[in-house]
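>>> I would like to see how this sequence folds:
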Amino acid sequence: MHFAYLGKFPNGEKLCDDGSRFLVTELRGDLVWHKFCWQFDTRGWQSLNVCFFCNAKSKGATDLYSDLGTNASWTNTEFKDVWDWVDKVLPHRLCPWLALPGFAIDTVRMCTMHNVNLGILQKITGSSLLTLISEGLYGCPDDPLQTNLNRVFRDFRAWCKNNKKRSSQRCFTVGMVIKQNNNVTLTHKAYNGRIIGAYASEVSKLAAEKCLDAPGPNRIYGQWLKEQITNGTGHMPSDPKLPLESACLRATERWFGLVERAGRYLLLGMVRTDLHFPPRICEVTIATTATTPKKNSSHLLVHQWISCAIHDSQQPSSPL
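Purely as a prediction, here's the structure:
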């Protein structure tokens, strides 16, 4: 890496004819990968100090990682100096990556695929679809859950066809949605999550607006409930979680759009203006799962992401 930074081969010859030089700008991975590579002995999802970038705590009266308010106390404990970070976070091991030319704390990045597609998004989509089922938007909510999930999947496939979206997602099952201790998490692959999230964004918005007509042919959403209301035996969707989930999913859609339009890199201005929705996601996660967030839940992923976004917003523009 040092030779690449100098633009040379180890024998001293030019690496590129035009004299180009190269610099490692980010070390990106999920929580497990970073913990393994950096050997964070005293930090992580099972520790009192849960964050790699600040002094957020898993319990206690101050610096609680689950405090996602604007004035959360842990936001004042962000590490800014590399060697202060090394002294506090890596007291026993010096990772060779510290010697990378131009290394800074913000070189260590969280992987959005793991944090969003395979983390937060699985929580949101699972919670949203279960709420829609409980409101009778796919048939009688008293029917077996698997029966309703089959209807959701048929509606999802119709939506994909109508919108020319490809997905390898297989039929939703109870085990894919409800995990141990009734933890709600919809299991899906990363790309499929992007498509399912777009579908869930549409139907949750319709439900929040009390609309029972989904666009496109062969749709199941809302049809059974419309019949019940016509017969005088049903009522419009009223679960208070619906607008929260809708806002959350639409914000996620905007974020995906931002990333996909930006190409390989997000500019600093984009980070400052568009990565503002994780608190909503966390609020919805808590509301929809109705359980106390655990340290290995998506709640912690949200904290790590907010920490990165705050750190980005405080950095000057890159000299590169």
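
>>> Could you point out which residue ranges in the stretch 151-300 of the chain have low pLDDT?
262-300 (pLDDT under 70).

>>> try it again with 80
181, 248, 251, 254-255, 258-300 (pLDDT under 80).

>>> contact partners of the host helix or strand of residue 87?
Following DSSP states H and E, the helix or strand that holds residue 87 is helix 82-89. Residues from elsewhere that reach helix 82-89 (Cβ atoms under 8 Å, 6 or more residues apart in numbering): 40, 42-43, 52-53, 55, 79, 94, 98, 103-105. Where you see a C-beta, it was placed from the backbone N, CA and C, and this is true even at glycine.

>>> Return the set of buried residues in that helix.
By neighbour count with 16 or more other Cβ atoms under 10 Å, helix 82-89 contains the buried residues 85-86, 89.

>>> Return the closest of the contacts of helix 82-89 with respect to residue 11.
residue 103 (25.5 Å; Cβ to Cβ).

>>> Show the contacting residues for the closest one.
Residue 103 sits next to 24, 82, 97 when contact means Cβ under 8 Å, 6+ apart.

>>> check contacts around the nearest residue to residue 39 once chain neighbours are set aside.
In this structure, residue 39 finds its nearest non-sequential neighbour in residue 93, 4.8 Å apart by Cβ to Cβ, 6 or more residues apart in numbering. Going by Cβ under 8 Å, 6+ apart, residue 93 touches 38-39, 41.

>>> what number of residues lie near residue 194?
Neighbour count for residue 194, taken as other Cβ atoms under 10 Å: 21.

>>> and the spatially most central residue of the chain, what is it in contact with?
Among the residues of the chain, the one closest to the centroid is residue 116, at 2.3 Å (Cα atoms, centre = their mean). Residues in contact with residue 116 (Cβ under 8 Å, 6+ apart) are 252, 255.

>>> For it, what are phi and psi?
The phi/psi pair for residue 116 (degrees, to the nearest 10) reads phi -100, psi -70.

>>> where's it relative to residue 167, distance?
Counting by Cβ to Cβ, to the nearest Å, the gap from residue 116 to residue 167 is 17 Å.

>>> Now do the contacts for the residue lying closest to residue 161 once chain neighbours are set aside.
Using Cβ to Cβ, 6+ apart and skipping the chain neighbours, the partner closest in space to residue 161 is residue 218 (7.7 Å). When contacts are counted by Cβ under 8 Å, 6+ apart, residue 218 touches 158, 161-162.

>>> which one of those sits closest to residue 172?
residue 158 (14.2 Å).

>>> what's the helix or strand harbouring that closest one packed up against?
Using DSSP H and E, residue 158 falls within helix 145-162. Under the contact criterion of 3 or more Cβ pairs under 8 Å, 6 or more residues apart in numbering; DSSP states H and E, helix 145-162 touches helix 121-134, helix 174-177, helix 190-208.

>>> what's the angle from whichever helix or strand comes after the longest one to helix 145-162?
What that stands for is helix 190-208. Next helix or strand after helix 190-208 toward the C-terminus (DSSP H and E): helix 223-230. Computed by axes from the mean of the first three to the mean of the last three Cα atoms, to 10 degrees, the angle separating helix 223-230 from helix 145-162 equals 110 degrees.

>>> So what touches helix 223-230?
By Cβ under 8 Å, 6+ apart, helix 223-230 touches 135-140, 212-213, 234-237.

>>> Okay, angle between whichever helix or strand comes after it and helix 121-134 too, please.
Using DSSP H and E, the helix or strand that follows helix 223-230 in sequence is helix 241-262. Counting by the same axes, to 10 degrees, helix 241-262 lies at 140 degrees to helix 121-134.
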